[in-house]
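In: with the sequence up front, the predicted model follows.
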Amino acid sequence: MAALVVWLVVTVVVVALAVTTWKLGWERYRPRHAGPTVPTDEVLVDPVTGRRQRVYMNPSTGARVYVDEPQPPPGSAGAS
């Protein structure tokens, strides 16, 4: 009987923590894209993945978003 009570208490605590995290903390980890973004002149190569990325900026907030660009074909002027 005591084991059942312990199991129920642990289950209720875990479910309560999961629901609380879902309701209060989940939005913190999602990117926020408020409003339109415009491309900047910045293009970079991600050192980890090697992918080219263009920087977009939201003029009203200054938030920056990095978007993968299509890779140029080998031998073209833009290839490195």
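Out: Sure, I can see it. Numbers count the residues shown, from 1 in each chain.

In: any low-confidence regions in the protein?
Out: Residues of the chain meeting the criterion pLDDT under 70: 26-34, 76-80.

In: can I see the domain layout of it?
Out: Annotated domains of the chain cover 1-30, 38-68 [automatic domain parsing].

In: for whichever strand in the chain runs longest, name the packing helices and strands.
Out: For the chain, the longest strand by residue count, based on DSSP state E, is strand 38-45. Where contact means 3 or more CB pairs under 8 Å, 6 or more residues apart in numbering; DSSP states H and E, strand 38-45 is packed against strand 52-57. (C-beta placed from N, C-alpha, C; glycine too.)

In: next, the angle strand 38-45 makes with the strand it packs on.
Out: Between strand 52-57 and strand 38-45, the angle comes out at 150 degrees (axes from the mean of the first three to the mean of the last three CA atoms, to 10 degrees).

In: would you list the strands that strand 52-57 pairs with, along with their directions?
Out: strand 38-45 (antiparallel), strand 64-68 (antiparallel) (DSSP bridges).
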